[in-house]
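Peer 1: okay, here's the prediction I keep looking at, along with the sequence it came from:
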Amino acid sequence: MNLLPGYIISRNAPVKKSSELQASSNGIPVNIALGQVYDAARPAVITHIDDVARIHVEALDEERVKGNHTHILEGGKDGEKVVFEDVNRVARREFLETLERGWIKEEGNCRLHIRFVILVRRGRHSGS
C-alpha cells in the first residue's frame, strides 16, 4: 500500500513568532490570509496531518484495504476540493473582528495551482 498525501498542513505549536509561522509549511495559507498574491504555481493536493495519520492507521486493516495499490490523498469531503484560498472563507467565519480591523485580508490567492497525474502500475511489489 502506498499513500501519497501531497501538501500536508497542520498545527505548528513550536512557532513563537509570526515570521516563523509564515516560513513554515503553513506559510502559504497564512500568507494568503494576510493578503499575499502568489504568481507562481502552488500545490493543489492538500491534506491535513490528522487525516494523513488516520488514513495510515486505517490502511493497516487488511480486511478492508487490499495491498499493492497507490492512493493519492486529497483533503475535502463529499468530492469537495480543498484549495489554499479556502483560508479566506475560514478567516471571515472564525476571525471576523480581526478581518474588520484589517489585520487579515481577503485578497490573497494562488493564481495558479499545480495539478498532477500519477500513473500507477498495479502489481506485486518485490521485496529484497
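Peer 2: Cool, got the structure. Owing to the predicted nature of the structure, the values given are computational and were not obtained by experimental measurement. Residues are numbered from 1 along each chain as shown.
Peer 1: middle-most residue in this structure, spatially?
Peer 2: Closest to where the C-alpha atoms of the chain average out (C-alpha atoms, centre = their mean) is residue 46, at 2.5 Å.
Peer 1: local confidence estimate at it?
Peer 2: Looking at residue 46, its pLDDT reads 81.
Peer 1: beta partners for it?
Peer 2: residue 7 (DSSP bridges).
Peer 1: which residues does it contact?
Peer 2: Residues near residue 46 by C-beta atoms under 8 Å, 6 or more residues apart in numbering: 6-9, 74-75, 82-84. In short, each C-beta sits where N, CA and C put it, glycine included.
Peer 1: of those residues, which is the nearest to residue 34?
Peer 2: In terms of C-beta to C-beta, no member of these lies closer to residue 34 than residue 84, at 12.4 Å.
Peer 1: tell me how far the closest one lies from residue 75.
Peer 2: As judged by C-beta to C-beta, to the nearest Å, residue 84 and residue 75 stand 11 Å apart.
Peer 1: those two: which is more packed in?
Peer 2: residue 84 (23 against 20; other C-beta atoms under 10 Å).
Peer 1: what about this structure, any weak spots by pLDDT?
Peer 2: Low-confidence segments of the chain, defined by pLDDT under 70: 41-44, 76-80, 111-128.
Peer 1: mind listing the strands for it?
Peer 2: Assigned strands in the chain, in chain order: 2-4, 7-9, 37-38, 42-43, 46-48, 70-72, 109-110, 113-114 (criterion: DSSP state E).
Peer 1: tabulate those (a markdown table), appending distance to residue 31.
Peer 2: Shown next, in a markdown table, are the strands of the chain (distance: least, C-beta to C-beta, whole Å):
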| stretch | distance to residue 31 |
| --- | --- |
| strand 2-4 | 25 |
| strand 7-9 | 13 |
| strand 37-38 | 8 |
| strand 42-43 | 10 |
| strand 46-48 | 15 |
| strand 70-72 | 25 |
| strand 109-110 | 10 |
| strand 113-114 | 15 |
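Peer 1: okay then, goodbye and thanks.
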